[in-house]
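>>> Structure, please.
(3 chains)
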Amino acid sequence: MYRIDTNDFDLDYTLSCGQVFRWEKDDWWTGIVRGSVIRAKQNGNGLLIESKLDKNFVQDYFRLDDDIERIYSEINKDKLMDSLIQKYRGLRLIRQDPWECLVSYICSSNNTIRNIKNSIKRMCGCFGEEIERGYYSFPAPEALAQVHISDMAQCRLGFRAPRVLKVASMVANREFDLYGIKDMSYREGRRELMKIEGVGGKIADCVLLFAFGKLESFPVDTHIEHIMDSFYGEHFKNVKKSKKREEIAEFARGYFGGYCGYAQEYLYMEDFEVK
DNA sequence: GCCCAGGGGTTAG
DNA sequence: CTAACCCATGGG
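Below you'll find the model as predicted:
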């Protein structure tokens, strides 16, 4: 076990805001990251970690090197964001593994967080490797590429199952260079990700933000559309329904600036908690 | 039985 | 071009 000194970090907000799907809270938080079990607990400014993952990796995973005060001052454009920064201070984005993030968000379409978590857990139990008693790694592309569609039924993914198998084959066969996206701009990466079946603008934005650290990404789902409508609705009142989410994202990028991805997560948390 | 969920693909107008 | 509908599953 080791300890990381933090400031402006809140483990509970960071892990419960809906960006990650494989962490569970008991007395400690327990997650599976990079094929390792990791346990985490916050103690004031101390972040206690029990894991084979080293300190540098964990700091990077929780983005503890982000200059969060500067990010706050950049996105703090009005009373609403000011209050959300106070309320959820310490909520950090997480640097997720691209493959796990991509598959997880393909599973998220028209789904609830609870169902997404359950499906991913089943998928890991069926096709991942047991790394500790009862804990399974996220299945690699090569593993999922060999799975037959009929064996996916037990994961209860519904219409998303064939999309997961298809992208697994594409990544395993190097037909799609997922890891090359980290060297692309936000726009290029978005165009590339949207070539994948089951990945539209919103899911591409989630992968770009949560896995590739493109902080100018602003994913607009039903919750973000709702809260943006209620606070900034006059800016896109007359926009066509089919273009609305894109327009909201463009507005947010201009309004909150290059760190709008952080703003998005605070807005999401608010709509998520109010619900 | 209805509507909705961290949407996206397809079709009909 | 746009809106409407469909997708499979679980819960309110």
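
>>> Give me the number of neighbouring residues for residue A:135.
Number of residues near residue A:135 (other C-beta atoms under 10 Å) recorded here: 18. Bear in mind the C-beta positions are built from the backbone N, C-alpha and C, glycine included.

>>> That one contacts residue A:32, correct?
Yes - between residue A:135 and residue A:32 there is a contact under C-beta atoms under 8 Å: 5.8 Å.

>>> Near DNA strand B, which residues of the stretch 51-200 of chain A? Just list them.
Residues of the stretch 51-200 of chain A lying near DNA strand B by C-beta under 7 Å from any atom of the strand: A:105, A:108-115, A:159, A:194, A:196-200.

>>> Now for these: which two are most distant?
A:114 and A:194 (27.0 Å; C-beta to C-beta).

>>> So which of these two has more stuff around it?
A count of neighbours by other C-beta under 10 Å puts residue A:194 above the other of residue A:114 and residue A:194, at 14 against 9.

>>> for DNA strand C, what are the nearby residues on the stretch 51-200 of chain A?
Residues of the stretch 51-200 of chain A lying near DNA strand C (C-beta under 7 Å from any atom of the strand): A:110-112, A:114-115, A:118, A:153, A:156-159.

>>> which intervals of chain A have sub-threshold pLDDT?
Filtered on pLDDT under 70, chain A yields the residue ranges A:274-275.

>>> For it, which residue gets nearest to DNA strand C?
At 2.3 Å from DNA strand C, residue A:158 is the closest residue in chain A, using C-beta to the nearest atom of the strand.

>>> Point me to the residue of chain A nearest DNA strand B.
At 2.5 Å from DNA strand B, residue A:200 is the closest residue in chain A, using C-beta to the nearest atom of the strand.

>>> Help me confirm that that residue comes into contact with residue A:193.
No - at 9.3 Å, residue A:200 does not count as touching residue A:193 under the criterion of C-beta under 8 Å.

>>> So which of these two has more stuff around it?
More crowded of residue A:200 and residue A:193, by other C-beta under 10 Å: residue A:193, with 25 against 12.

>>> my guess is that one contacts residue A:204, does it?
Yes - shown here, residue A:193 and residue A:204 form a contact pair, counting by C-beta under 8 Å, at 3.9 Å.

>>> now the helices for chain A?
A:11-16, A:55-61, A:68-75, A:79-87, A:98-106, A:113-127, A:141-145, A:149-152, A:161-172, A:186-193, A:201-210, A:222-232, A:244-256, A:260-274 (DSSP state H).

>>> Buried subset of the residues of the stretch 51-200 of chain A next to DNA strand C as a ChimeraX selection?
In ChimeraX, this line selects whichever of these come out buried by 16 or more other C-beta atoms under 10 Å:
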select /A:157
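
>>> For residue A:100, give me its contacts.
Contacts were defined as C-beta atoms under 8 Å, 6 or more residues apart in numbering; by that measure residue A:100 touches A:22, A:138.

>>> how much space is there between the residue nearest to residue A:57 when sequence neighbours are not counted and residue A:206?
Once flanking residues are discounted, residue A:57 sits nearest to residue A:34: 7.5 Å by C-beta to C-beta, 6 or more residues apart in numbering. Separation of residue A:34 from residue A:206 (C-beta to C-beta, to the nearest Å): 19 Å.
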